[in-house]
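1. Please find the sequence and the predicted model below.
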There are 2 protein chains.
Amino acid sequence: MGLSGVAGLHTMSLLKNSNNGGPGVNRLLDTLPKNEYKRLLPKLKTVSLVLGDVLYEPGAVIKYVYFPNDSIISLISELSDTSWLEVGMVGNEGMAGLAVFMDVSFSSTRALVQGSGTAMRMSSAAVRTEANRLGSLHRLLHRYSHSLLTQISQSSVCNRFHLVEPRLARWLLMTRDRLGAEEFPLTQEFLSSMLGVRREGVSKAAAALQAGKLIHYSRGMITIVNRRGLEAKACQCYAIIKAETDAYLN
Amino acid sequence: MGLSGVAGLHTMSLLKNSNNGGPGVNRLLDTLPKNEYKRLLPKLKTVSLVLGDVLYEPGAVIKYVYFPNDSIISLISELSDTSWLEVGMVGNEGMAGLAVFMDVSFSSTRALVQGSGTAMRMSSAAVRTEANRLGSLHRLLHRYSHSLLTQISQSSVCNRFHLVEPRLARWLLMTRDRLGAEEFPLTQEFLSSMLGVRREGVSKAAAALQAGKLIHYSRGMITIVNRRGLEAKACQCYAIIKAETDAYLN
DNA sequence: ACACATATGTGTGCTAACGCACATAACGTG
DNA sequence: CACGTTATGTGCGTTAGCACACATATGTGT
């Protein structure tokens, strides 16, 4: 799997400020008042992100921020070349590249596309201009920052205390919600680095979930068969994070 | 140890914008330009915080934010009544109550005084007014938000991968730096909840560090005997977090 | 159909940390 | 100074997850 290499970004048509809140639209942008959204529109460009693309490396300059529509971007903290861990997940509820908003030019984490799809891209320069206007975007990015902070904190506790199986269930559900699909391509090898455990551990946990008819998987393709059942197997962290994420957009 | 109960906050004299950057002064406030600091001064009040005071409970309204001088405030994420974990540490480099700055009124974590000392207190209302001015405070709080985000992320990885002994060493060093003292009162019971491990685990790790003449402890009082040696025992996370923390103030 | 790369399953120790149950030690108060 | 309280040490069985070494399966391309 190509976890390195820069994205091949293709231009696509722009979406409307569609106010339907459904999957496929970035909810942060969608929450903006029409006039403010219109002001941003010329600076936004829809791009497609592909699983495995690396948008930022730790320490590298952030050229663009991304508002995912139906894609997912993982924020990864690295300890060494061999051990790293996902600390946060950015989907249609948020934006990748928050550092720019916080007056920092460099990324402290790796941003890895964890689910293919489209995102709205904006240059860092535009973010600096627009977000300094004290308007709705400014406010929403503030609230999102808090939401992300909460997500990361909760994940931290989760990673410390919970077993692999519930954590895997949580992670699959979070991915499902952001992709808006019950089926998505992901290998157990990939999952193991996200969860910070060995592949064999994922193998066991996944086998258990499959035996319970909650998921199905085969050669890098995962299907959620019984969502409710999977939620029951997941730790509370799933519900906690979901509530926080859904609530911040008012 | 009284981990519950609200702080008994005593009024003290105000500090100056002393530009010496040493311990005992909140470095965030100290970095502000003089005129802006003067504008804030009337809204700041020095209070003393005592080990065990709880400043916020999860979900509770944040009435005041705190800029520690030589005190430390722990941000704690709770899973259940019995298992919780420190996700972040706020000392003279920052501010507790960042949620207010991010347009959120309620705390998502518990804020527990982990080291006695003084702090500058400001009402949430004042923060909302002042931080919306797009001045230096606004910018610094943004940069601090990013710094805290990085700290929390790094701790998350650390908690996941590192052994108790290096984590304990890191934690003691971080505490030392913020308190500006080599000796401070802390029981192993307390440490165990901060690190999210059993008390017995802390006991073993602490005994090992003491055997190596790096620290000394007795009945809830800890002394750092050999700081360099302790740094060598700590994981890299200490250096990483310290660098980030020191750098953000330009 | 074949080879080949990739994805997943399994087994065998090993270890850090857990849970529990006590033992010891230091301090504080009446 | 005796006593209770609080802090710390220790032992024992259990367990989740580790590291390593393979075995098996399921695609893909020629």
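-> That came through fine. Residues are numbered from 1 along each chain as shown, chains lettered A, B, ... in the order given.
2. Need the residue closest to the centroid of chain A.
-> In chain A, the residue lying closest to the centroid (C-alpha atoms, centre = their mean) is A:Val90, at 2.4 Å.
3. For the residue sitting furthest away from the middle of chain A, give me the backbone phi and psi.
-> Distance from the centre of chain A peaks at A:Ala211, with 27.9 Å (C-alpha atoms, centre = their mean). Main-chain torsions, A:Ala211, degrees, to the nearest 10: phi -60, psi -30.
4. Check A:Glu57 too.
-> Dihedral pair for A:Glu57: phi -100, psi 150, per degrees, to the nearest 10.
5. Check A:Thr187 too.
-> Backbone torsions of A:Thr187, given as degrees, to the nearest 10, read phi -90, psi 160.
6. ok, now the one 4 residues further on?
-> Its backbone dihedrals place A:Leu191 at phi -60, psi -40, with angles given as degrees, to the nearest 10.
7. from memory it sits against A:Ala169, does it?
-> No - judged on C-beta atoms under 8 Å, A:Leu191 makes no contact with A:Ala169 at a distance of 11.5 Å. All C-beta atoms are positioned from the backbone trio N, CA, C, and that covers glycine.
8. can you state the direction angle for the helix ranked longest in chain A and helix B:136-161?
-> Across chain A, the helix with the greatest residue count (assigned by DSSP state H) is helix A:136-161. Interaxial angle, helix A:136-161 versus helix B:136-161 (axes from the mean of the first three to the mean of the last three C-alpha atoms, to 10 degrees): 20 degrees.
9. what's the distance between helix A:136-161 and the middle of its chain?
-> 12 Å (C-alpha atoms, centre = their mean, to the nearest Å).
10. Using neighbour counts, pick out the buried residues of the following helix or strand past that helix.
-> Downstream of helix A:136-161, the next assigned helix or strand under DSSP states H and E is helix A:164-179. Residues of helix A:164-179 classed as buried by neighbour count (16 or more other C-beta atoms under 10 Å in any protein chain shown): A:164-179.
11. Of the residues you listed, which ones also sit close to DNA strand D?
-> Counting by C-beta under 7 Å from any atom of the strand, A:164-165 from the buried residues of helix A:164-179 sit close to DNA strand D.
12. for chain A, what spans make up the helices?
-> A:27-31, A:34-40, A:98-101, A:124-131, A:136-161, A:164-179, A:188-195, A:199-211, A:227-233, A:237-247.
13. Burial-wise, tell me which of the ones you listed comes out on top.
-> Sort these by mean neighbour count, taking mean count of other C-beta atoms under 10 Å in any protein chain shown, and helix A:98-101 sits at the top with a mean of 25.
14. So is that one next to chain B?
-> Yes - using C-beta under 8 Å from any C-beta of the partner chain, we find that helix A:98-101 touches chain B at A:98-99, A:101.
15. Touching that helix from outside, list them.
-> The contact list for helix A:98-101, computed with C-beta atoms under 8 Å, 6 or more residues apart in numbering or on different chains, reads A:62, A:65, A:95, A:105-108, A:124, A:127-128, A:131, A:141, A:144-145, A:148, B:142, B:146, B:149.
16. Now it - C-alpha only, PDB.
-> Listed next in PDB are the C-alpha coordinates belonging to helix A:98-101 (Å, rounded to 0.1, in the frame of the first residue of the first chain):
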ATOM      1  CA  LEU A  98      -6.000  23.700  11.700                       C
ATOM      2  CA  ALA A  99      -2.500  24.800  12.600                       C
ATOM      3  CA  VAL A 100      -2.800  27.500   9.900                       C
ATOM      4  CA  PHE A 101      -5.800  28.900  11.600                       C
END
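17. and it, average pLDDT?
-> Across helix A:98-101, pLDDT averages out at 98.
18. what about it, distance to the chain center?
-> With C-alpha atoms, centre = their mean, you get 16 Å for helix A:98-101.
19. Surely A:Ser108 is in contact with B:Val157?
-> No - assessed by C-beta under 8 Å, A:Ser108 is found out of contact with B:Val157, at 11.8 Å.
20. what sits in contact with each of those two?
-> A:Ser77.
21. What is the burial count for A:Glu93?
-> Neighbour count for A:Glu93, taken as other C-beta atoms under 10 Å in any protein chain shown: 24.
22. For it, give me its contacts.
-> Neighbouring residues of A:Glu93 by C-beta under 8 Å, 6+ apart: A:27-28, A:144, A:147, A:178, A:245-246, A:248-249.
23. again, only this time at 7 Å
-> Contacts for A:Glu93 (C-beta atoms under 7 Å, 6 or more residues apart in numbering or on different chains) come out as A:27-28, A:245.
24. Next, format those as TSV and append pLDDT and distance to DNA strand C.
-> As requested, these are arranged in TSV below (pLDDT from 0 to 100; distance: C-beta to the nearest atom of the strand, whole Å):
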residue	pLDDT	distance to DNA strand C
A:Arg27	97	30
A:Leu28	97	32
A:Thr245	95	27
